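Q: My questions concern the predicted model and sequence given below.
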Amino acid sequence: MSETELETKSALPRRSLVLGAGAILSTASLLGTASGQENTDSDEKANDSDAESSASKDRKAIMAAGLNEAEADCWAKIAEAAGAFFELPELHPLDKSEVATAVHVIQNKLLGRPTYRTYIASHKAQSGEANEKEN
């Protein structure tokens, strides 16, 4: 393996970590869980309003992608949990990367559910059509 190939392969996990952690941290900070700063009452109200607005926009966007209410709740809870995790002191250098990967696995499973529901419904409809044609 050439040195360039090795450098490229070692850069991919770092790039994924940065992108994944950045997405999680921005979501968490939008939800108000990763600020780590003391706020005044007016700052808290403004941050709560911004976080509520961002969370509301995120919820609308994922529901537009086909997630139902329960799935959207799960999506918000995983973002909140990730934000809380990233507030903890680092114990191991790979923790952030591994948690980001775990969060993305759950998000991908959630995003796949609307497609799978459509597949199941389509399959049932086709099976029903086949049964009607046989009779």
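A: Looks like it came in fine.
Q: pLDDT weak spots in this protein?
A: Scanning the chain for pLDDT under 70 picks out 1-48, 51, 130, 132-135.
Q: Apply 90 and report the result again.
A: Where the chain drops to pLDDT under 90, the residues are 1-55, 127-135.
Q: Can you show me the helices along it?
A: 3-30, 41-64, 69-87, 95-134 (DSSP state H).
Q: Alpha carbons only: can I get the shortest one in PDB?
A: Same thing as helix 69-87. What follows is helix 69-87, C-alpha atoms only, in PDB (Å, rounded to 0.1, in the frame of the first residue of the first chain):
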ATOM      1  CA  GLU A  69     -44.600  10.900  15.800                       C
ATOM      2  CA  ALA A  70     -42.900   8.100  17.800                       C
ATOM      3  CA  GLU A  71     -39.900   8.000  15.500                       C
ATOM      4  CA  ALA A  72     -39.600  11.800  15.600                       C
ATOM      5  CA  ASP A  73     -39.600  11.600  19.400                       C
ATOM      6  CA  CYS A  74     -36.800   8.900  19.200                       C
ATOM      7  CA  TRP A  75     -34.800  11.200  16.900                       C
ATOM      8  CA  ALA A  76     -35.000  14.100  19.300                       C
ATOM      9  CA  LYS A  77     -34.100  11.900  22.300                       C
ATOM     10  CA  ILE A  78     -31.000  10.500  20.600                       C
ATOM     11  CA  ALA A  79     -29.900  14.100  19.800                       C
ATOM     12  CA  GLU A  80     -30.400  15.100  23.400                       C
ATOM     13  CA  ALA A  81     -28.600  12.000  24.700                       C
ATOM     14  CA  ALA A  82     -25.700  12.700  22.300                       C
ATOM     15  CA  GLY A  83     -25.400  16.300  23.500                       C
ATOM     16  CA  ALA A  84     -25.400  15.200  27.100                       C
ATOM     17  CA  PHE A  85     -22.700  12.600  26.400                       C
ATOM     18  CA  PHE A  86     -20.500  15.200  24.700                       C
ATOM     19  CA  GLU A  87     -20.700  17.400  27.800                       C
END
